[in-house]
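**Q** generate coordinates for the sequence data below:
(chains A and B)
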Amino acid sequence: MSPLQTVPAGSLNAHDARDARETRPSARQRNAAARTARTLRRRRVVNAIMVSLLALSAVIAVIPLVLIVYHLGRSGLSSLNVAFFTQDPKSVGEVGGGMANAILGTLMVVGVGAAIGMPIGIGAGLYVAERRATKLATVVRFLADVLNGLPSIVMGIFAWEFLVRPLGHFSAWAGAVALAAMLVPMVTRTTEEMVRLVPQSLREAALALGYSRSRTALTVVLRTATAGIVTGALVAIARIAGETAPLLFTALGNQFRSTSLNKPIAALPLQIFQYAVSPYEDWHRQAWAGALVLIALVLTISLVARAATQSRVDAGSE
Amino acid sequence: MTPSNAAAPLPDSGQGTPNTAIDGQDLQGGGWSDRAYDALLTAFALCVPLLLVLLIVALTMAAWPALKQFGFGFLTSSDWDPAAEHFGAAPAIYGTIVSSVIALVIATPLAIGVAIFVAEFAPRWLRQPIGFLIDLLAAIPSVVYGLWGIFVLVPALRETVMPFLRDTLHLGATPFFSGPAYGPSMLAAGVVLAIMILPYISSVSREVLLAVPRSQREAALALGATRWEAIVGAVLPFARSGIIGGIILGLGRALGETMAVTMVIGNRHEIAASLFAPGYTIASLIANEFAEASGDMHLSALMAVGFVLFVITLLVNFVARWLVWQTSGGTRKVG
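**A** Predicted coordinates:
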């Protein structure tokens, strides 16, 4: 509780008391004072109720997270085994096997997607931050925000129309492009935020030393913002790693292990989806295990990102 | 580089031509590399608008055959018959809107409550952990929500919540909570969506609330308001359009959410008043039928519903971003 809250209420009462000592209050004044005291009491009760409701909403909001983590732990951990990481799926309905192909596929598709999307996103973000007064920068920033809000399935349709339909076959490439299309606007915005944190005096110092603008940007601005940019990119990669919808009609999924970018490829989220909606008990078990692995993957990337920010913040506060 | 340009808070060097009067940088080939750098950066930046243009082109091309064939009736017909090659998107559009509305009704009060609690009341040591936990909700992949929905939420709804709503609370008398409780339903989709969009609404609201000037609260408190009154009277009005922006952003997420909804909504082409009945959303329709779409017209019809979703979410996002930008104004919007 801040002192601010008690000051007005306390001073009001003190004031009333002094008034009462110095002059005898009329009946009307006494009534008014009683009314004020009553409403004040009511207002305080309302305040207390609302504050507890707010606290309650925070508790309720966290409950689903607790439940999901609990069920993931319970059903996922018991289903995890070495075979899950080392074996490919058995044929339909057969017990056993694992998701090695899907883990490999996810790493490949996300890796290629990041390789395509990150440079573009970082470049666009650098532009938006360094030329923030230009019209193009304003437009790019706004459109990046709008693109970030679009459903991921739309990115899948985009990659399907340009890379699957004309070529006549599904491919890991198409999946990677769909994920890259999601990555670009996200990385644009996070890069921009980070580059803006670079003190103007650093740029000025470099320019005053006779550095060209490009050299200033690459060796001073980018280097200073690297940790932040990497963090932003990692957070974005963590998000696309869990995406299913854009891969449904691009990477398609694959029951077998494939390392070709020109063929359909399995991905962990796709496999979880397929197994979860299947009628087989053993596939359900594996879907939980897959979900646990996927969450672990996503959280690991996020935590690494957080650690990077933390060290940057610590360094900055010195 | 001219000194004035370097000292300006917002260097607008894209416009200014490189000044050759002080050309120390030419010794390092600066003039040439600056131009290359500018061109490269501009090219990267142009990729973002280009991406949006390509999205529009892709969706229009893919949807065109179906849109041309069925015209406006595509939006109003509820006849979806792949065998007869007749397609109408009304049930999917209805389901998309209804499931999103359920999600908003559940998530909005909670999300704003959490945001106010974190921004105004939570002790400093509690602030970060709560924010972190809520952000974690946003980090969970959609398909994991779906998995949890199928095996935990849907059975719980079927066995506990639905009978409770229908029989114990006697809401079965209204058309909205009547009929058999299968489990996979519009209600299940709404609840999953509510959990998924809560962190988005909450984090935008929190940012906006934290941006409200301190003096605004202090003035209200100095006038003798309780903290709740200060929030209702002085803080919320200040943050209103930003919070509304956050809600609309959440709506945008809910409208386009695919996997979790596909896994719990039951996937049936039908407009039913009861929230216990299975339904379809646009995104779940595409996700569910794409694999088995045989004819070109069926594919095109799926892309056409995708096009409808694209247009709706594009509009929703434009409005939401505009509102949020208005509020966080000064800092975000330069020039």
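**Q** got a pLDDT number for the residue sitting nearest the centre point of chain B?
**A** Nearest to the geometric centre of chain B sits residue B:253, at 2.4 Å (CA atoms, centre = their mean). Note for residue B:253: predicted pLDDT of 93.
**Q** host element of it?
**A** In the assignment (DSSP states H and E), residue B:253 maps to helix B:236-256.
**Q** list the buried ones in that helix?
**A** Within helix B:236-256, the residues scored as buried using 16 or more other CB atoms under 10 Å in any protein chain shown are B:236, B:238-239, B:241-256. Glycine gets a C-beta too; all of them are placed from N, C-alpha and C.
**Q** of these, list those near chain A.
**A** Restricting the buried residues of helix B:236-256 to those near chain A by CB under 8 Å from any CB of the partner chain leaves B:249, B:252-253, B:255-256.
**Q** reformat the residues you listed as CSV; add distance to residue A:208.
**A** Listed next are these as CSV, based on distance: CB to CB, whole Å:
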residue, distance to residue A:208
B:249, 42
B:252, 46
B:253, 46
B:255, 51
B:256, 49
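**Q** ok, of these, which one's closest to chain A?
**A** For those, the residue nearest chain A by CB to the nearest CB is residue B:256; the value is 2.3 Å.
**Q** now for the helix or strand just after the helix holding residue B:253, which elements pack on it?
**A** As assigned by DSSP H and E, the chain's next helix or strand after helix B:236-256 is helix B:259-264. Judged by 3 or more CB pairs under 8 Å, 6 or more residues apart in numbering or on different chains; DSSP states H and E, the packing partners of helix B:259-264 are helix A:268-276, helix B:142-148, helix B:186-211, helix B:282-289.
**Q** low pLDDT regions in chain A?
**A** A:1-23, A:309-318 (pLDDT under 70).
**Q** and the longest helix along it, is it in reach of chain B?
**A** Ranked by residue count under DSSP state H, the longest helix found in chain A is helix A:27-71. Yes: contact of helix A:27-71 with chain B (CB under 8 Å from any CB) involves A:43-44, A:46-47, A:50-51, A:53-58, A:60-62, A:64-65, A:67-68, A:71.
**Q** what subset of those residues is buried?
**A** Buried among those by 16+ other CB under 10 Å: A:43, A:47, A:50-51, A:54-55, A:57-58, A:61-62, A:64-65, A:68, A:71.
**Q** nearest to residue B:271, of the residues you listed?
**A** Distance to residue B:271 across these (CB to CB) is lowest for residue A:64, with 28.8 Å.
**Q** was I right about the closest one contacting residue B:138?
**A** No: using CB atoms under 8 Å, residue A:64 makes no contact with residue B:138, being 11.9 Å away.
**Q** domains for chain B, by residue range?
**A** Domain assignment for chain B by automatic domain parsing gives B:3-70, B:73-332.
**Q** please work out which of those domains is packed deepest.
**A** Comparing the domains of chain B by mean neighbour count (mean count of other CB atoms under 10 Å in any protein chain shown), domain B:73-332 comes out on top with a mean of 20.
**Q** export stretch B:94-111 to CSV, keeping only CA atoms.
**A** Taking C-alpha atoms only, stretch B:94-111 is exported to CSV below (Å, rounded to 0.1, in the frame of the first residue of the first chain):
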residue,chain,number,x,y,z
TYR,B,94,-21.1,-18.1,-37.9
GLY,B,95,-18.9,-20.5,-35.9
THR,B,96,-15.9,-18.3,-36.2
ILE,B,97,-17.8,-15.3,-34.9
VAL,B,98,-19.6,-17.2,-32.1
SER,B,99,-16.5,-19.0,-30.8
SER,B,100,-14.6,-15.7,-30.8
VAL,B,101,-17.4,-13.9,-29.0
ILE,B,102,-17.5,-16.6,-26.3
ALA,B,103,-13.8,-16.3,-25.9
LEU,B,104,-14.0,-12.6,-25.6
VAL,B,105,-16.8,-12.7,-23.0
ILE,B,106,-14.8,-15.1,-20.8
ALA,B,107,-11.3,-13.7,-21.4
THR,B,108,-11.9,-9.9,-21.4
PRO,B,109,-12.9,-9.3,-17.7
LEU,B,110,-10.2,-11.7,-16.5
ALA,B,111,-7.5,-10.3,-18.7
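**Q** neighbouring contacts of it?
**A** A:57, A:60-61, B:186-187, B:189-191, B:193-202, B:205, B:246-247, B:250-251, B:254-255, B:261, B:265, B:271, B:275, B:279-284, B:309, B:312 (CB atoms under 8 Å, 6 or more residues apart in numbering or on different chains).
**Q** report the contact partners of residue 308.
**A** All of this is about chain A. Counting by CB under 8 Å, 6+ apart, residue A:308 has contacts A:227-228, A:230-231, A:234.
**Q** should've been chain B
**A** Residue B:308 makes contact with B:75, B:89, B:93, B:282 under the criterion CB under 8 Å, 6+ apart.
**Q** now swap in residue A:83 and tell me
**A** Neighbour list for residue A:83: A:96-98 [criterion: CB under 8 Å, 6+ apart].
**Q** that one sits in which helix or strand?
**A** helix A:82-86.
**Q** beyond that helix, next helix or strand please.
**A** Reading on from helix A:82-86 to the C-terminus, the next helix or strand found by DSSP H and E is helix A:100-130.
**Q** for residue A:232, which non-adjacent residue is closest in space?
**A** Distances taken as CB to CB, 6 or more residues apart in numbering or on different chains place residue A:190 nearest to residue A:232, at 2.5 Å, with adjacent residues excluded.
**Q** what about the one you found, how many residues nearby?
**A** Neighbours of residue A:190 under the rule other CB atoms under 10 Å in any protein chain shown: 23.
**Q** so it: helix, strand or coil?
**A** Of the three states, residue A:190 takes helix according to DSSP: H, G, I helix; E, B strand; the rest coil.
**Q** so how far is chain B from it?
**A** In this view, residue A:190 and chain B are 14 Å apart by CB to the nearest CB, to the nearest Å.
**Q** what helices and strands are in contact with the top helix by length along chain B?
**A** Using DSSP H to define each element, chain B has its longest helix at helix B:30-70. In terms of contacts (3+ CB pairs under 8 Å, 6+ apart), helix B:30-70 is packed against helix A:100-130, helix A:135-149, helix A:152-159, helix A:172-196, helix A:213-215, strand B:86-87, helix B:296-332.
**Q** reformat those as TSV; add distance to residue B:130.
**A** Listed next are these as TSV, based on distance: least, CB to CB, whole Å:
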stretch	distance to residue B:130
helix A:100-130	29
helix A:135-149	24
helix A:152-159	27
helix A:172-196	23
helix A:213-215	43
strand B:86-87	46
helix B:296-332	22
